[in-house]
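Undergrad: Have a look at this prediction, sequence included:
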Amino acid sequence: MINVLFVCLGNICRSPMAEALFRNLVKKANLTNKIAVDSAATSSWQIGFPPHEGTLDILKKYNISSNGLVGRRLKKEDFWKFDYIIGMDESNIKNIYRITGKPKHPKIIRLLDLTKYRKDVPDPFYTGDFDETYRLVSAGCQVLLKKIRSEQNL
């Protein structure tokens, strides 16, 4: 099983959106028996909470299931469990390095570095723009799935 983890600050906006969206892409590609998806936070503020209402609304708008999404914190052990650890912004990446103790490891990737955008996914908790976040996360997830399929011969 290939394990993919999406990480943002609170695990209520960007990373659960990416988790749900990527899980949907994996399902459509008939790869649910090969790829598992999860998400986590670098902070502990929203542990045990469901995603932000804006994230739930945008997932509903695109008919993507939000079942099972609940906030959790990134743990050091996650480094060994996951094959791909995907941060939403540069701050997340630095925090992932710190928490896992694995700075600059190639399995830790900023999502939009895989795309033509090569920037941070803005946090809609602060911007309020869940549509922009969805557009960017969707673009990143599509490229990520292609990368994984190529690297893992799927």
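TA: Thanks, I have it. Numbers count the residues shown, from 1 in each chain.
Undergrad: quick one, helices of this protein?
TA: Counting by DSSP state H, the segments of the chain that form helices are 14-28, 53-61, 78-81, 90-100, 124-127, 130-151.
Undergrad: Tabulate those helices (CSV), appending mean neighbour count and mean pLDDT.
TA: To be clear about C-beta, it is placed using only N, CA and C from the backbone, and glycine gets the same treatment. Converted to CSV, those look like this (neighbours: other Cβ atoms under 10 Å; pLDDT from 0 to 100):
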stretch, mean neighbour count, mean pLDDT
helix 14-28, 24, 98
helix 53-61, 17, 98
helix 78-81, 15, 97
helix 90-100, 18, 97
helix 124-127, 15, 95
helix 130-151, 18, 98
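Undergrad: Could you export the ones you listed as a markdown table, including distance to residue 72?
TA: Supplementary listing: the helices of the chain in a markdown table, determined by distance: least, Cβ to Cβ, whole Å:
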| stretch | distance to residue 72 |
| --- | --- |
| helix 14-28 | 10 |
| helix 53-61 | 15 |
| helix 78-81 | 10 |
| helix 90-100 | 13 |
| helix 124-127 | 17 |
| helix 130-151 | 19 |
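Undergrad: of all the ones you listed, which lies closest to residue 112?
TA: Closest of the helices of the chain to residue 112 is helix 130-151, at 5.4 Å (criterion: Cβ to Cβ).
Undergrad: Run the angle between the closest one and helix 53-61 for me.
TA: Helix 130-151 runs at 60 degrees relative to helix 53-61, counting by axes from the mean of the first three to the mean of the last three Cα atoms, to 10 degrees.
Undergrad: Give me the packing partners of helix 130-151, helices and strands only.
TA: Other helices and strands packing on helix 130-151, by 3 or more Cβ pairs under 8 Å, 6 or more residues apart in numbering; DSSP states H and E, are strand 2-8, helix 14-28, helix 53-61, strand 84-87, helix 124-127.
Undergrad: Give me the neighbour count for the spatially closest residue to residue 23 that is not a sequence neighbour.
TA: Nearest non-adjacent residue to residue 23, counting by Cβ to Cβ, 6 or more residues apart in numbering: residue 37, 4.7 Å away. Number of residues near residue 37 (other Cβ atoms under 10 Å) recorded here: 24.
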